[in-house]
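Student: quick one, what's the 3D model for this:
(2 chains)
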Amino acid sequence: MRKITLVVCVLLGLALSLGADTPVLLNAAGATFPYPIYSKWFSVYHTDHPSVSINYQSIGSGGGIQQLKAGTVDFGASDMPLNDQLLSQFNFKILQFPTVLGAIVPTYNIPGVTTVLNFTPQALSDIYLGKVTKWNDKEIASANPGVQLPGNDIVVIHRSDGSGTTFVWTDYLSKVSSEWKSRVGSNTSVNWPAGLGGKGNEGVSGLVEQTPNAIGYVELIYAIQNNLGYGLVQNASGRFVKASLESVTAAASNAAPKMQRDLRISITDASGAGAYPICSFTYLLIPAKIPDATKRDTIKGFLHWMLTTGQSEVEALDYARLPKAVISIEERQISEVQ
Amino acid sequence: MASNVSAAAHAPRPLRVRALVRRLADGDAVAHIVTLTFAASIILITSLLVYQLWIHSADSRKAFGWHFWTNSTWDPVFEHFGALPFIFGTVVTSAIALMIALPLGLAAAIFLAELAPRPVSDAISFLIDLLAAVPSVIYGLLGIFVVVPLMRTVIGPLLKDTLGFLPIFRGPNYGLGLLTASIVLSIMVVPYIISVSREILLTVPRDQREAALALGATRWEATWKVVVPYARAGIMGSGFLALARALGETMAVTMVIGNAAVISTSLFSPADTIASMLANQFSEATGTIYLSALIELGLVLFLITFILNGAARLLILATERGGGHAA
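Tutor: Predicted coordinates for the structure are as follows:
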């Protein structure tokens, strides 16, 4: 009797193990901005493919890059695309895949002003350079005819922590102001000429809310979800555009032709009448050579899923989807992962 | 015993081993070895810490040398790094926090140890010890929601009206800044000063007080002129414990200090401290020189703490020799 039970158990065990796929566990780390959508994607992908578990730690873009360099994660995520100088610090090739789009908006708190303000690129860069110090300066007033702006000092608020948001904001200011580019430059953290720092989007918006005559920059998603008022920004075509999912995708699709050669092209200050000028992609950093065949196929499968089914999930979380032209460039790049 | 002596002649080693085993079984030697190991491990861990800071900051030390301590620019884009604004912020906020907290803490400790009835003293001390256990993020939130608006609307204008001619109270007042951070820090370190000073004051022998009273001193004179000087070393020790906390405090400071890498004579100006800067920038830093400079900043903080604590020890030694116990 016992022998028969033993034989049955062994056969059952064999049958079960033959039926199931070997579980694949992938580790990833990086940017905090796309964490909500990545977390949603990884859990939906796991439901569709139960043998695949992807573990993502949102420790910041810098942390993701460090861990990828050290080899502790299978792939990384960064808001800032890696330039050639950073890429040279890796001893293996990295492919960068844009996943979603984000935008940065200027938010302000001026006592007595309830209208939505228009900001020109010169006004924004001069405010952040500390050259425009009062709200009723003609650079701001000329874009807002009919609005009574007080003569109070502008309190500039920026990010105190390193962040992809700062990178996109300073990248835009570097494009529209040569003085900004030579004096300050663009990075996740810069030497701000003026202003106070707040920690995180919540720090900046909290400071702007609390401090009269303040101006700060926050992510569009954050502004939408917290019902913050934000201004319009003048784009390269001269129109004042309000940031929205449509205007952000428009900016990306206008930039798509330039991305044929390099997906890292910055899309700030994009051309096109409906394009919002301060937006950017966030990237997944995938090693070009993955020796483990199971992991390689899983990652390629996930990337393909992300570009097709995954994109339908992004708008529910207020991210903008990738334009079709960029998706087709990325599909071609997936084949470069060996 | 006789058998041991004869055994010694033939085989000296087993005798020594047996003597060692007997000593170890005694307990004292075991205790000696174990406590020595733990004490040595603390020194070992600290040296490992300094060693790690030293080697990981090698790139930055090579690039900047001593100029790191004197440069005022912190520019991750053009890779010019200087620690001076952060050293300034750290030292100034800690100094002002202690200037506010020491008199308050000492006065409270004197009240609790000398003047209050014992049950009241015990109850309040219990509450103050709880305050010391509150996480610093909570103090940061207290700072943002209470101290910052208070500074902007009440304290700042008051100081400007009365003492506005002093250079330390000039300049725009945003609510955030050096003074706000110092106030929040002082609230955080006061419990340490109170609880340690109270303990020290309670250990002052009764005959000191009684002798003073017998010589005709009033209660306050006995406390201030006899008891407190007797406990001076311990009170200064509590002050330096508080200083150590203030120097390393991160979250509460970063929420209220304004995070601007500037050096200014005005206390209303925003500033930044080393701990706050490290907490903000470390996770997103990329590039070898940038990371190395951040680690060198950590080394700078360690050295400042070390130097200040060393100076503290010397000060305590000097005052003790100068007659701490003499009447």
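
Student: so what's the residue in the stretch 201-338 of chain A that chain B sits nearest to up against?
Tutor: Nearest residue of the stretch 201-338 of chain A to chain B (Cβ to the nearest Cβ) works out as residue A:211 at 6.1 Å. Backbone N, C-alpha and C define where each C-beta goes, glycine included. By Cβ atoms under 8 Å, 6 or more residues apart in numbering or on different chains, residue A:211 lies in contact with A:109, A:155, A:157, B:152, B:174, B:175.

Student: separation between residue B:212 and residue B:108?
Tutor: According to Cβ to Cβ, to the nearest Å, residue B:212 and residue B:108 sit 22 Å apart.

Student: swap that for residue B:114, sorry
Tutor: Residue B:114 is 11 Å from residue B:108, where distance means Cβ to Cβ.

Student: how many other residues sit next to the residue in the stretch 1-150 of chain B positioned nearest to chain A?
Tutor: Here the residue of the stretch 1-150 of chain B nearest chain A is residue B:77; by Cβ to the nearest Cβ that distance is 3.5 Å. When neighbours are counted by other Cβ atoms under 10 Å in any protein chain shown, residue B:77 registers 18.

Student: OK, contacts around it?
Tutor: Going by Cβ under 8 Å, 6+ apart, residue B:77 touches A:184, A:185, A:186, A:187, A:190, A:191.

Student: intersect those with the contacts of chain B.
Tutor: Among the contacts of residue B:77, the ones lying near chain B by Cβ under 8 Å from any Cβ of the partner chain are A:184, A:185, A:186, A:187, A:190, A:191.

Student: now the two most distant members of these.
Tutor: A:186 and A:191 (11.5 Å; Cβ to Cβ).

Student: neighbour count winner among those two?
Tutor: residue A:186 (21 against 17).

Student: how deep is the nearest residue to that one once chain neighbours are set aside tucked in, by neighbour count?
Tutor: Excluding the flanking residues, the one nearest residue A:186 by Cβ to Cβ, 6 or more residues apart in numbering or on different chains is residue A:170, at 3.7 Å. For residue A:170, the neighbour count with other Cβ under 10 Å is 25.

Student: residue A:183 is in contact with residue A:170, correct?
Tutor: No - the pair residue A:170 / residue A:183 is not scored as a contact, 11.1 Å apart, by Cβ atoms under 8 Å.

Student: what does the stretch 201-338 of chain A have sitting close to chain B?
Tutor: Applying Cβ under 8 Å from any Cβ, we find that the stretch 201-338 of chain A lies next to chain B at A:203, A:206, A:207, A:210, A:211.

Student: measure how buried the first one is and give me the count.
Tutor: It refers to residue A:203. Using other Cβ under 10 Å, residue A:203 has 23 neighbouring residues.

Student: helix or strand for it, which one?
Tutor: Using DSSP states H and E, the element containing residue A:203 is helix A:200-210.

Student: remind me what that helix packs against, helices and strands.
Tutor: Packing partners of helix A:200-210 (3 or more Cβ pairs under 8 Å, 6 or more residues apart in numbering or on different chains; DSSP states H and E): strand A:94-109, strand A:155-159, strand A:196-198, strand A:214-219, helix A:220-225.

Student: let's see that with 7 Å instead.
Tutor: Packing contacts for helix A:200-210, counted by 3 or more Cβ pairs under 7 Å, 6 or more residues apart in numbering or on different chains; DSSP states H and E, involve strand A:94-109, strand A:155-159, strand A:196-198, strand A:214-219.

Student: residue ranges in chain B under the pLDDT threshold?
Tutor: B:1-13, B:23-24, B:321-327 (pLDDT under 70).

Student: quick one, strands of it?
Tutor: Under the criterion DSSP state E, chain B contains strands at B:74-75, B:80-81.

Student: count of neighbours near the nearest residue in space to residue B:224 that is not next to it in sequence?
Tutor: The shortest distance from residue B:224 to any non-neighbouring residue, by Cβ to Cβ, 6+ apart, is to residue B:110 (8.0 Å). Residue B:110: 22 surrounding residues under other Cβ under 10 Å.

Student: show me what contacts residue B:110?
Tutor: By Cβ atoms under 7 Å, 6 or more residues apart in numbering or on different chains, the contact set of residue B:110 is B:201, B:223, B:228.

Student: so the residue most central in space within chain B versus chain A, what's the distance?
Tutor: The centroid of chain B falls nearest to residue B:244 when counting by Cα atoms, centre = their mean (1.3 Å). Going from residue B:244 to chain A by Cβ to the nearest Cβ, to the nearest Å gives 24 Å.

Student: need phi/psi at residue B:262.
Tutor: phi -130, psi 160 (degrees, to the nearest 10).

Student: how many residues are close by it?
Tutor: Under the neighbour criterion other Cβ under 10 Å, residue B:262 is assigned a count of 15.

Student: for it, which non-adjacent residue is spatially closest?
Tutor: In space, and not counting its chain neighbours, residue B:262 is closest to residue B:85: 6.0 Å by Cβ to Cβ, 6+ apart.

Student: returning to what we had before: need the residues touching each of residue A:170 and residue A:183.
Tutor: Residues touching both residue A:170 and residue A:183 (Cβ under 7 Å, 6+ apart): none.

Student: give me the contact list for stretch A:167-184.
Tutor: A:79-80, A:104, A:121, A:124-125, A:128-129, A:185-188, A:190-191, A:193, A:217, A:266, A:268-269, A:277-278, A:280, B:77.

Student: switch the cut-off to 6 Å
Tutor: Counting by Cβ atoms under 6 Å, 6 or more residues apart in numbering or on different chains, stretch A:167-184 makes contact with A:80, A:104, A:121, A:125, A:186, A:188, A:190, A:217, A:266, A:268-269, A:278, A:280, all of which sit outside it.

Student: so which of the residues you listed comes closest to residue B:196?
Tutor: Proximity of these to residue B:196 (Cβ to Cβ) peaks at residue A:188, which lies at 42.0 Å.

Student: any idea which residue sits dead centre in chain A?
Tutor: By Cα atoms, centre = their mean, chain A has its centre lying nearest to residue A:282, at 3.8 Å.

Student: partners of it in the sheet?
Tutor: Beta-bridge pairing of residue A:282 under DSSP bridges involves residue A:100.

Student: hmm, it is touching residue A:36, no?
Tutor: No - judged on Cβ atoms under 6 Å, residue A:282 makes no contact with residue A:36 at a distance of 11.6 Å.

Student: which intervals of the stretch 1-150 of chain A have sub-threshold pLDDT?
Tutor: Those would be A:1, A:9-10, A:12-21, if you go by pLDDT under 70 across the stretch 1-150 of chain A.

Student: near chain B, which residues of it show up?
Tutor: When proximity is defined as Cβ under 6 Å from any Cβ of the partner chain, the stretch 1-150 of chain A approaches chain B at A:59, A:60, A:61, A:62, A:63, A:65.

Student: for the closest residue to the third one other than its chain neighbours, give the beta-bridge partners.
Tutor: If the residues on either side of it in the chain are set aside, residue A:61 comes closest to residue A:78, at 4.0 Å by Cβ to Cβ, 6+ apart. Following DSSP bridges, residue A:78 is listed with bridge partners residue A:283.

Student: burial of residue A:293, as a residue count?
Tutor: Residue A:293: 8 surrounding residues under other Cβ under 10 Å.

Student: burial count for the residue nearest to residue A:61?
Tutor: When neighbours are defined as other Cβ under 10 Å, residue A:78 has 29 of them.

Student: please list all residues in contact with it.
Tutor: A:30, A:31, A:61, A:64, A:65, A:283, A:285.

Student: inside helices: which ones of those?
Tutor: Secondary structure from DSSP state H places A:61, A:64, A:65 of the contacts of residue A:78 in helices.

Student: now these as CSV including distance to residue B:67 and neighbour count?
Tutor: Output for these, formatted as CSV (distance: Cβ to Cβ, whole Å; neighbours: other Cβ atoms under 10 Å in any protein chain shown):
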residue, distance to residue B:67, neighbour count
A:61, 29, 31
A:64, 32, 30
A:65, 28, 27
